[in-house]
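In: model this:
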Amino acid sequence: MNKKRAIPENFMTVGELAKKMGTTVRTLQYYDQEGVLSPTSESEGGRRLYTHKDMVRLHQIQSMKSLGFSLDDIKSKLVSLDTPADVANVLNEQSLAIQEKIRQLTEVAANIDALKTEVLQMQTVDFKKYADIIVNLQMNNEYYWLIKHFDDDTLDHISNRFDKESSIKFMERFNQLNDKVLELKQKNISPEDEHVQELAQEFWSMVMEFTNGEMSMLPKLIDFVNLTDDNHEWLEKQKNINEYLQPALELYFQKAGINPFEGV
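Out: Residues are numbered from 1 along each chain as shown. Next comes the predicted model:
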């Protein structure tokens, strides 16, 4: 008996559908069992039969599965494909989901490249710093590259002192302060000027906020300011600011009777 003749026109067996769509009979049987994709009909001999509409539905399932959706999610997202508008809506949803996946994968790839750059610049294997860099990359913290310059004690202090929100806000305030300092520097305002002194006081307050009053951290911060092995634009800007602000800070300390290195 010719089995092909037993299959009505425009119908496919489970094996034929699996071959056309690059999957397995076992997978299609599992989809049927889970109620995700059941055959449209059966032959007289009890063979599962699928249509081209089922093929389109399978394509939808495969697309969503490749995007990481579970079968339960897929089942809830499947809609009727009875009109051109239905099909277009499904394709539009798939397109949007794929674009989002591309965005996510692009971000992951960029993070991997960023981590690779940091790893090579560190020159020694340090999994603690790798982990901290990964966390900060995932938080979209643009200052993740600073991590390689801090020792373990400083990193522990930062992680205990700041969370994601407070660390970002601190850096925003710090950069705003830097911009004010640069503005005065460009105008050649002297260190004795009251506006410069106000910024020197604000700068020192932020240092105290960062260290939480732990003066033993000052030498480490000074070493950080004097970094010469990194051509990062932010560091260059910071060096420029510090060179201008240092005389103002010294004058502020003198007037306020502060010895920042006392006991250090």
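In: lowest average confidence, helix or strand, in this protein?
Out: helix 218-225 (a mean of 76; mean pLDDT, DSSP states H and E).
In: List of residues touching it?
Out: The contact list for helix 218-225, computed with Cβ atoms under 8 Å, 6 or more residues apart in numbering, reads 149-151, 154, 207, 210-211, 238-239, 242, 260-261, 264. From N, CA and C alone the C-beta is placed, and that goes for glycine too.
In: And those, which is the shakiest by pLDDT?
Out: Of all the contacts of helix 218-225, residue 264 carries the smallest pLDDT score, 54.
In: residue ranges for the strands of this structure, please.
Out: Here the chain has its strands, by DSSP state E, at 12-13, 41-42, 48-50.
In: helices or strands up against the first one?
Out: Strand 12-13 sits against strand 48-50, with contacts defined as 3 or more Cβ pairs under 8 Å, 6 or more residues apart in numbering; DSSP states H and E.
In: So what are the sheet partners of the strand it packs on and their directions?
Out: Sheet pairing for strand 48-50, assigned by DSSP bridges, gives strand 12-13 (antiparallel), strand 41-42 (antiparallel).
In: which outside residues touch it?
Out: With Cβ under 8 Å, 6+ apart as the test, strand 48-50 has contacts from 7-8, 11-14, 16-17, 28, 32, 39-43.
In: Also stretch 15-26?
Out: By Cβ under 8 Å, 6+ apart, the residues outside stretch 15-26 that reach it are 12, 14, 27, 28, 50, 54, 55, 58, 59, 62.
In: how about a cut-off of 6 Å?
Out: Residues from elsewhere that reach stretch 15-26 (Cβ atoms under 6 Å, 6 or more residues apart in numbering): 14, 28, 50, 58.
In: Scan those and report the most crowded one.
Out: Counting neighbours by other Cβ atoms under 10 Å, residue 50 leads the contacts of stretch 15-26 with 25 neighbours.
In: How about that one: which residues does it bridge to?
Out: Under DSSP bridges, the beta-bridge partners of residue 50 are residue 12.
In: Right, I'll call it a day here.
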